[in-house]
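Asks: next one to model:
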Amino acid sequence: MGFFIVDLHRQIEQLYKKQYAGATATDTFTVYRGQGLSVGDFEQLLKIKGGLISFNNFLSTSNNRNISLDFAQRATINPDQVGVLFIMKINPALSTAPFASIAGISNFQGEDKVLISMHSVFRIQDIKQMDGNDRLFEVNLTLTADNDPELSSLTDYIRQESFPDSEGRYRLGMVLWKMGQFDKAENIYQVLLDKTTDDNDQTTLHGQLGSIKKDQEKYHEALTLHEKSLDTCQKTLPPNHPSLATSYICLGLVHSKMCNYPKALSYYEKALKIKQQSLPPNHLSLASSYYDIGLVYRKMSNYSKARTFYERAIQIGEQSLPSNHPDLQKWRNNFEDVKNR
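Replies: Just a heads-up that it's a prediction; the model follows:
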């Protein structure tokens, strides 16, 4: 599947270069896409109006508004969905993602279809109810420009969090893991683990395998692997090394999933102590630890403690993240949930 995705992306890039070479702002055009969103997803969309949205799939769009609207209207038949007509304005001279007209090769004749590559980022300009129907909306989007300052800030942050120095097989394993291809990712990491005698590599690979088992809800196996990772760290690293903090966090997360909240809290606090010794007080990694601890206190029904740690996370996030960053929004939503408890 991964090779198919890469090949499709490259074909779109090639068509984009042929079709839009030398394009200017006067070549700006509008396409449409009608679909259903779950009620929860639509509520999240409303919260980030004016901000950025990224689609994690290839987008098939049409120049025919009525055909797209029909798809949105059909979605309202499902009581658990909201029909959405996306109206997408695209300036080919400024776009950050490749797209291409596939009118000549599409099975759907009579309409010009534009295929937009996955992970395209749009700004949400407006959200409006249609025809007085509270389950049918139009959402106006603009494909972001390369010089969008908010997109640049967000991209820099994500790049720092995405293991930029990882080697090819590690990166492939991560991609497969994020795609939910757990068995394939596990096979890659296991091969790498069997071949290495390096303590640092073993620590990382045991941790990655443990995280895969956690995502598969195989929590006892995950604990075993993360404990192996921690054991190697403790034997080879000083007691305040950042890798120890990572192992503590992973163990805390698994214990939290297993509802072993005192254990989870203990590991999270150990990780926080290391970070406080080695990082500036406004570092985003500290914000993540404050949020993790707040989440455990919330699950233990200690709402006053939860509020305290959520507030610390938000204070750091507001200094370092775009205002519509999903982590910051999540922290704020959780704080509001415990605010008056």
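
Asks: please make it C-alpha for all contacts and neighbour counts, starting now.
Replies: Fine.

Asks: report the mean confidence score over the helix or strand containing Arg74.
Replies: Secondary structure from DSSP states H and E places Arg74 in helix 65-75. For helix 65-75, mean pLDDT is 94.

Asks: tell me the gap between that helix and the middle of its chain.
Replies: Offset of helix 65-75 from its chain centre (C-alpha atoms, centre = their mean, to the nearest Å): 28 Å.

Asks: hmm, who's touching it?
Replies: Under the contact criterion C-alpha atoms under 8 Å, 6 or more residues apart in numbering, helix 65-75 has outside partners 31-36, 62, 81-85, 136.

Asks: could I get those in a markdown table, plus columns for pLDDT, neighbour count and distance to Ala185?
Replies: Output for the contacts of helix 65-75, formatted as a markdown table (pLDDT from 0 to 100; neighbours: other C-alpha atoms under 10 Å; distance: C-alpha to C-alpha, whole Å):
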| residue | pLDDT | neighbour count | distance to Ala185 |
| --- | --- | --- | --- |
| Val31 | 94 | 19 | 37 |
| Tyr32 | 95 | 25 | 36 |
| Arg33 | 95 | 25 | 33 |
| Gly34 | 95 | 27 | 34 |
| Gln35 | 95 | 19 | 32 |
| Gly36 | 94 | 23 | 31 |
| Ser62 | 91 | 23 | 36 |
| Gln81 | 94 | 20 | 33 |
| Val82 | 95 | 25 | 35 |
| Gly83 | 95 | 29 | 36 |
| Val84 | 96 | 28 | 35 |
| Leu85 | 96 | 26 | 36 |
| Leu136 | 96 | 22 | 40 |
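
Asks: and the furthest pair within the residues you listed?
Replies: Taking C-alpha to C-alpha, the two most distant members of the contacts of helix 65-75 are Val31 and Gln81; they sit 22.4 Å apart.

Asks: excluding its backbone neighbours, what's nearest Ser289?
Replies: Spatially, and ignoring its direct neighbours in sequence, Ser289 is nearest to Leu272 (6.1 Å; C-alpha to C-alpha, 6 or more residues apart in numbering).

Asks: any idea how far the one you found is from Leu321?
Replies: Counting by C-alpha to C-alpha, to the nearest Å, the separation of Leu272 from Leu321 is 20 Å.

Asks: mind checking which of the two has more residues around it?
Replies: Leu272 (22 against 18; other C-alpha atoms under 10 Å).

Asks: lovely, talk soon.
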